[in-house]
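Peer 1: Got a predicted structure here, sequence first:
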Amino acid sequence: MRTFILVFAFILLLLASLFIGVKQIDWANYNSIIESGRLVFRVSRFPRTMALVIAGVGLSVSGLIMQQISLNKFVSPTTAGTLDAAKLGILIGLILFPGTSHLTQMGFAFLFTILASLIFMQMLRHIKQRSLIYIPLLGIMFGNVLAAIGTFFGYRFDIIQNMETWLIGDFSKVLQGNYELIYISLPAVLLTYLYANKLTALGLGEETAKSLGIQYNTLVLIGLISISLTVSAVMITAGAIPFLGLIVPNIISLIYGDNLKKSLPYTALLGATLLLFGDIISRLIIYPFEVPIGLTISIIGGVAFLIFISKRIRHA
Amino acid sequence: MLKKRILILTGFTISVILVYLLTFVGNNPDYVLPRRITKIAAMALIACSIGYSSVVFQTITNNRILTPSIMGFEAVFILFQAFIVFLYGDKTFQVIEQQTNFLFSVLLMFGFALILYLALFRKRQVHVYFLLLVGLILGAIFKSMTSFLELVIDPNEFAFVQRYLFASFNNINTNLLGISAIALFISLVLGTRILHKLDVLLLGKEQAITLGINYRRLVQISLFLIAIQVSISTALVGPITFLGILIANLSYEFIPSHKHRHTILGASLFGVILVVGGQFLVEHLFNMNTTISILINFVGGIYFIFLLLKSRRL
Amino acid sequence: MITVKDLYKKYGNHPVLNGLNIEFPKGKVISLIGGNGAGKSTLLSVISKIIDHDSGHILLSHEDIANISSKDYATKLSFLRQSNFTHIRLTIRELVSFGRFPYNRGKKMSTQDEEKVEEAIAFMELEDIADSFLDELSGGQRQRAYLAMILAQDTENILLDEPLNNLDMKYSVQIMKTLRDFAHQQGKTVILIVHDINIAAQYSDYIAALKDGVVQHFGTTDEIIKPCVLKDIFEIDFEVILNRGCKFCLYYD
């Protein structure tokens, strides 16, 4: 029953996303809409919607993998410095090689993201106090540090205002021809589905997983690469989208449990649905102008996260 | 041993102050020196406040890598500044005087802290980490709003916002300094009265309670004082997020005592050294190509990562 | 003397103390036993004012503890839990000195304070390492240091939550003997939680068995260490052997 509602919502929002925008497309007369309507559809609506779906799927799944690896429900690209690392990577790439292609920028983002993830994993090993809240606290601080490093360089090259604004999550600039990089995250997500059972075992802890015969280090590395690819690709295409990788896996975990083979598809579906929903609100709230989705999601996601934690505390 | 260390530290502090004051004076000592003395006074005051609030905060959170600024104070401050510029654009300084801006900033930040504390202390149990996380998340949300405003603000007007994004001792208003100094000084004096109780917190919450400490009240008073100090420091010079972690940890390493009156003194002295020294570098090495806060956050940030990677217990 | 009347405490919807009643006799060693979740830790935490109870009364020498300030209470009752804070950079002497905090409130140590500290250190045989840092010590030494702090706090009532966890047998025996001396030689009331029934049998005067948040059995050691009573508490068969005036419990069959 729940599945049905979710799938239904997804399809509804998908269609809404394809047809909501400043340029009106008359659905009833699809066959007879003029060329400019079809153009908008092909060049803007369809790519935008695809990007939304892929980003939603990619970020949610990335969050899930991070939670399995670090054995903490509140780790995610937002709360482990991953997003900030990607931003830093792009910044450094632009400073070193201005005007370079998206692919190169993504390369830099990927590099920095992987490095930051490895540092974060290392930090986790040192932490004795494995309280649920402590680790995301640490992760956010870590993200702030990376942002501070970025600011240092940004200030020297006087690009602070640009920095802050480029990378705010925003799908309005997604157009055919400049968004295809995001498809890179698809194989990454697919890979995780193939390894779903092994990833579930990861969640039992390093020692248990190893005693079950799992190649722990390899698996963690695959996971981190997949996450870094996804986050970098999304960052290049649409900017920073916070909290999605945090909230979606937690909701799914509450309803479907932690068996990844079962919960991965739902995680992906809910992620895409939520992001579509957020984007449509962003398009409509001050129509015909748009609010960047980074802002919308950060408010919705932030509040949702706080509610989650306070429920957790009450039961503790 | 302890006395020796404190003496060395004090000596170092005085040297750094003198170097900053007396070198690169140029042709106009009558203009330069008084301004520098004002700046040094401001820096010393801020350093002491940050030293106090960071050490006390770390005791309450039983942790050495957190600072009070992560509770969202700075995000509130920056959002407020961006919002004013958004509303008034280049007329900002005609409409709002520096004094009014300062007053509102302090009230906003302090109000934010009060709301946070009230909401979270209503329950019987005190969950300090939850308080922090709420502050952090709210901080993240405010930062997104600020980014959005920055998107919308005219680039020419953005320069006004940029001033406030980063701490700077270059243009301190003497009136503001006077009021702040009195307020900070009072809070520091009041703050010394709880230091011996904070010492007991080192043994952990439960042990402290069995030794007769009213834990809840101690945490409330401490957070209150911290809120005052961080609000005023931030409104006066802007955000210096990671200074607190740096100076607190340097103090723990260098000062062989667990007592707060020693560690806070150490942190304050290190604070003065870093801030005055950093300002010296900013003015003469970097040629104002960076600000003191960016420099300190950069260094402090890297030190933070270093601490996390080497520390065996957090 | 500590009296507990109709004590209730819930965690969320889960009741942990269910109308518990008990009177702890003065100057004796009383062991609390019972399965996990029976409410032993919670009981001690509530008596020591670490957590609040939902309803009921706790009386210390016939005075309701809610009316005693935390300052005064600390001079009458001390509580030792698992010492988790292994990384504190304090010397043993500094730690033990904290035991005098309820009396000097962190200000200058009086001569009496200093005497009590040195006495406590001597009693626990820690003189040689009194200036070493806590994080350099073994688990057993650390535990003795914490006990010295409790001793320096010099309270009439001492509560301990599993003080023997992770300790070598030699130290377990030493600490239990010390606690027995606190009671029999110094007239203190010692209430402790232990998991090993034989330790409880050897060193306590009274044993209280908790189950489902109430006191299931309470009596002198002789009254409790009997096969029928033990079976009722632990739900397995026991055999009690008497050897050299001490009772031993066998429960392997």
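Peer 2: Nice, thanks for sending it over. Note that this is a predicted model, so its numbers are computed, not measured.
Peer 1: Quickly check: stretch B:205-215 near chain A or not.
Peer 2: No - Stretch B:205-215 stays clear of chain A (Cβ under 8 Å from any Cβ of the partner chain), getting no nearer than 13.6 Å. Every residue, glycine included, has its C-beta placed from N, CA and C.
Peer 1: What distance separates the opening and closing residues of that stretch?
Peer 2: Stretch B:205-215 has an end-to-end distance of 7 Å (criterion: Cα to Cα, to the nearest Å).
Peer 1: Same check on stretch C:38-55?
Peer 2: Length of stretch C:38-55, first residue to last, Cα to Cα: 18 Å.
Peer 1: do it and chain B meet?
Peer 2: Yes - Stretch C:38-55 lies within reach of chain B by Cβ under 8 Å from any Cβ, at C:48-50, C:52.
Peer 1: what comes into contact with that stretch?
Peer 2: B:124, B:206, B:209-210, C:2, C:4, C:6-10, C:16-18, C:20, C:32-34, C:58, C:65, C:70, C:73, C:77, C:79, C:159, C:161, C:191, C:193, C:210-214 (Cβ atoms under 8 Å, 6 or more residues apart in numbering or on different chains).
Peer 1: Restricted to buried residues, select those residues in PyMOL.
Peer 2: In PyMOL, a selection of the buried entries from the contacts of stretch C:38-55 looks like this (16 or more other Cβ atoms under 10 Å in any protein chain shown):
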select buried, (chain B and resi 206+209+210) or (chain C and resi 2+4+7+8+9+16+17+20+32+33+34+58+65+70+73+77+79+159+161+191+193+210+211+213)
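Peer 1: Now, the contacts of stretch C:38-55 that are in strands?
Peer 2: Counted as lying in strands by DSSP state E, out of the contacts of stretch C:38-55, are C:2, C:4, C:6-10, C:16-18, C:20, C:32-33, C:58, C:77, C:79, C:159, C:161, C:191, C:193, C:210-211, C:214.
Peer 1: Would you agree B:Leu132 is in contact with B:Ile65?
Peer 2: No - if you go by Cβ atoms under 8 Å, B:Leu132 and B:Ile65 don't touch, sitting 11.5 Å apart.
Peer 1: ok, the two, which is more surrounded?
Peer 2: Comparing B:Leu132 with B:Ile65 by other Cβ atoms under 10 Å in any protein chain shown, the one with more neighbours is B:Leu132, at 25 against 22.
Peer 1: Report the contact partners of the more buried one.
Peer 2: Contacts of B:Leu132 by Cβ under 8 Å, 6+ apart are A:133, A:137, B:61, B:66, B:70-71.
Peer 1: Equivalent analysis for C:Phe248, please.
Peer 2: So C:Phe248 contacts C:198, C:201, C:240-242 (Cβ under 8 Å, 6+ apart).
Peer 1: for A:Tyr134, same thing?
Peer 2: A:127, B:129.
Peer 1: Quick check, A:Val291 in contact with B:Met145.
Peer 2: No - if you go by Cβ under 8 Å, A:Val291 and B:Met145 don't touch, sitting 10.5 Å apart.
Peer 1: Next, show the common contact partners of the two.
Peer 2: Here A:Val291 and B:Met145 have no joint contacts, going by Cβ under 8 Å, 6+ apart.
Peer 1: what's the top helix by length along chain C packed up against?
Peer 2: When chain C is parsed with DSSP state H, its longest helix is helix C:169-186. Secondary-structure packing of helix C:169-186 (3 or more Cβ pairs under 8 Å, 6 or more residues apart in numbering or on different chains; DSSP states H and E): strand C:29-33, helix C:139-153, strand C:157-161, strand C:189-193, helix C:197-203.
Peer 1: what separates it from the chain centre, distance-wise?
Peer 2: 11 Å (Cα atoms, centre = their mean, to the nearest Å).
Peer 1: after the helix or strand where A:Val57 lies comes which helix or strand?
Peer 2: Using DSSP states H and E, A:Val57 sits in helix A:46-70. Per DSSP H and E, helix A:46-70 leads on to helix A:82-96 as the next helix or strand towards the C-terminus.
Peer 1: Quick one: mean pLDDT for that following helix?
Peer 2: For helix A:82-96, the mean per-residue pLDDT is 89.
Peer 1: What residues sit buried inside it?
Peer 2: Per 16+ other Cβ under 10 Å, helix A:82-96 contains these buried residues: A:82-94.
Peer 1: Please go through those residues and note which also touch chain B.
Peer 2: Within these, nothing lies near chain B by Cβ under 8 Å from any Cβ.
Peer 1: Distance check, the residue nearest to B:Leu136 when sequence neighbours are not counted against A:Ala147.
Peer 2: What sits nearest to B:Leu136 in space, not counting adjacent residues and going by Cβ to Cβ, 6 or more residues apart in numbering or on different chains, is A:Ile140, at 5.1 Å. For A:Ile140, the distance to A:Ala147 equals 10 Å [Cβ to Cβ, to the nearest Å].
Peer 1: And for residue 188, nearest residue in space, chain neighbours not counted?
Peer 2: Just going to use chain A. Nearest residue to A:Ala188, sequence neighbours excluded (Cβ to Cβ, 6+ apart): A:Ser226, at 4.0 Å.
Peer 1: Not quite, go with chain C.
Peer 2: C:Phe182 (4.6 Å).
Peer 1: If anything else comes up later, I'll come back, but that's it for now.
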